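>>> sharing a sequence plus its predicted fold:
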Amino acid sequence: MRAFTAAALLTPLEVVERPLLLVSDDGRIVEASSRDACAVPPSASLTDFGDAVLAPGYFDIHIHGGAGFDVMESSPDALPAIEGLLAKHGVTAYFPTTVTAPMDATLQALERLADAVEAHAKSLLHGEGARPLGIHLEGPFLSHAKKGVHPPDLLLDPTPQLFERFWQASRGHIRMMTIAPELPGAIEVIALAAARGVCVSLGHSNASTAETHRGMAAGGHHCTHAFNAMRPLDHRELGILGTLLTSDSLTADIIADGVHVHPEVVQMFLQLKGEARAVLITDATAATGMPDGTYKLGRFDMQLRDGVCWHDGHLAGSALTMDLAVRNVMLFAGWSLRQAVRLASANPADVVGEGGQRGRLVPGAIADFVVLSPSGEVRSTYLAGRDGGESLRFF
Ligand SMILES: [Zn+2]
Ligand SMILES: [Zn+2]
């Protein structure tokens with residue numbers, strides 16, 4: 001048994017002052033309550049983090065790479081490097097996210113990513129970085145009108161047969177799919193994916209209000225990077241953006257780097273969605289954590305200049321880290337650390353159906369947690385109650 005204490009703990013639906021976090025030897029939370037309510041068991045070793053705040057490990061459901069590597073690369077060095085970088089920034093679980101690529105490259109990437117998901121699923125104590133829990137398929141079922149940097153010649157209309165090929169290659173580890181609901185065949189594929197437990201996220205879409213509602217009725221319940229690669233808001237025809245901003249039936253994620261979406265629009269989004277329905281993603285690329293230069297995004301090149309990723313004059317993913325996104329929510333919207341942390345932990349876990357296990361510091365959950373300064377800087381990251389070694393200690 002291990003015991004941890006600090007100035008506060010964010011469950012993150014509540015703040016626990018003077019907390020005691022008890023973790024079993026197999027990496028699960030036994031107790032997360034106030035020190036006044038619970039004594040340290042004599043057998044437990046107590047670690048006191050002083051003025052720090054304990055928060056659930058962050059969960060990034062949309063990330064393409066980092067540390068110079070893309071998740072679709074075949075190099076065996078790629079995922080460990082990305083996972084190490086993620087953990088440094090407080091992320092303990094993630095969905096490696098594909099971009100639209102030739103069919104063979106996508107199928108091979110899905111097979112490799114499935115290997116990684118299965119390797120980590122064997123033991124909570126596997127590896128020293130963030131855990132890949134499943135795959136996010138972003139493309140090829142995207143709108144030509146809102147493709148972003150996805151290669152237009154490789155976009156495809158959805159069919160059950162195509163979805164089945166991706167599903168088989170991933171051995172059922174596709175957990176999230178971004179799809180434009182207005183495409184021919186999309187409604188059938190949304191229903192098929194949703195029936196298999198995939199989080200269907202509407203995005204890269206030019207959908208009208210009616211098309212968005214049809215996507216929701218078929219099983220779409222989330223939206224990918226609100227405002228980006230999305231039909232803009234019209235005051236007579238809500239479209240996908242107006243619908244996601246006003247519908248309590250949709251959760252949505254946002255890239256809160258202040259570049260993809262203006263800080264005041266991030267604030268507006270948060271006011272409209274509220275703390276229960278907003279999710280932070282990074283959409284981070286290989287350039288994250290790297291100096292200015294040229295990096296891969298899927299199969300194509302993009303350039304990092306002054307912290308912004310470009311491809312052919314378009315924004316191409318981000319170099320954002322989740323800890324910065326959390327602090328940006330505090331900065332842009334004046335939200336508390338607890339509220340901001342919720343958007344990076346409990347909410348993404350709930351959206352993809354992992355809420356019982358992850359994203360909360362409550363009894364029974366996996367003891368993945370971050371030790372934060374009172375203003376949200378990551379001091380260290382713990383995976384299943386164990387610190388990740390020297391490389392994950394920053395104080
Ligand atoms: Zn995208
Ligand atoms: Zn993306």
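Happy to help now that I have it. Residues are numbered from 1 along each chain as shown. Ligands and ions are numbered 1, 2, ... in the order given.

>>> from now on I want contacts and neighbour counts done on CA atoms only, so please keep to that.
Will do.

>>> list the contacts of residue 24.
Contacts for residue 24 (CA atoms under 8 Å, 6 or more residues apart in numbering) come out as 1-2, 30, 385.

>>> which one of these is nearest residue 139?
Using CA to CA, residue 385 is the member of the contacts of residue 24 that sits closest to residue 139, with 35.7 Å.

>>> ok, the closest one touching residue 368?
Yes: counting by CA atoms under 8 Å, residue 368 is a contact partner of residue 385 at 6.2 Å.

>>> neighbour count: the two, which is higher?
residue 368 (31 against 26; other CA atoms under 10 Å).

>>> correct me if wrong: the more buried one contacts residue 362.
No: Residue 368 is beyond contact range of residue 362, at 11.0 Å (criterion: CA under 8 Å).

>>> ok, back up a step: quick one: which of the contacts of residue 24 is nearest to residue 58?
Distance to residue 58 across the contacts of residue 24 (CA to CA) is lowest for residue 385, with 14.5 Å.

>>> got the contact list for that closest one?
Applying CA under 8 Å, 6+ apart, the residues contacting residue 385 are 2, 23-24, 27-28, 367-369.

>>> just the buried residues of those.
2, 23-24, 27-28, 367-369 (16 or more other CA atoms under 10 Å).

>>> list the contacts for residue 94?
59-63, 130-134.

>>> what bridges to it?
residue 60, residue 132 (DSSP bridges).

>>> quick one: it and residue 111, what's the gap?
Distance of residue 94 to residue 111, given as CA to CA, to the nearest Å: 17 Å.

>>> was I right to think residue 297 contacts residue 68?
No: using CA under 8 Å, residue 297 is not in contact with residue 68; the gap is 10.1 Å.

>>> what sits in contact with each of these two?
residue 286.

>>> so which of the two has more stuff around it?
It is residue 297, of residue 297 and residue 68, that has more neighbours when counted by other CA under 10 Å, with 30 against 19.

>>> may I have the strands that pair with the helix or strand bottoming out on mean pLDDT in the chain, each with its orientation?
Across the helices and strands of the chain, mean pLDDT, DSSP states H and E gives its lowest value to strand 386-387, namely a mean of 84. As defined by DSSP bridges, the strand partners of strand 386-387 come to strand 378-383 (antiparallel).

>>> centre of the chain to the partner strand, how far?
The chain centroid and the centroid of strand 378-383 are separated by 17 Å, computed with CA atoms, centre = their mean, to the nearest Å.

>>> now swap in stretch 79-90 and tell me
Distance, centroid of stretch 79-90 to centroid of chain: 13 Å (CA atoms, centre = their mean).

>>> and it, average pLDDT?
If you average the pLDDT over stretch 79-90, you get 96.

>>> can you tell me what sits against it?
Contacts for stretch 79-90 (CA under 8 Å, 6+ apart): 57-58, 65-67, 69, 71, 92, 128-131, 289, 321-323, 369-370, 378, 380-381, 391-392.

>>> only the buried subset of these, as a PyMOL command please.
Applied in PyMOL, the following selects the buried portion of the contacts of stretch 79-90 according to 16+ other CA under 10 Å:
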select buried, resi 57+58+65+66+67+69+71+92+128+129+130+131+289+321+322+323+369+370+378+380+381+392
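
>>> how far away is the closest residue to residue 361 other than its chain neighbours from residue 29?
In this structure, residue 361 finds its nearest non-sequential neighbour in residue 11, 4.8 Å apart by CA to CA, 6 or more residues apart in numbering. As judged by CA to CA, residue 11 and residue 29 stand 12 Å apart.

>>> wait, isn't residue 58 in contact with residue 358?
No: Residue 58 lies out of contact with residue 358 (CA under 8 Å); the separation is 9.1 Å.
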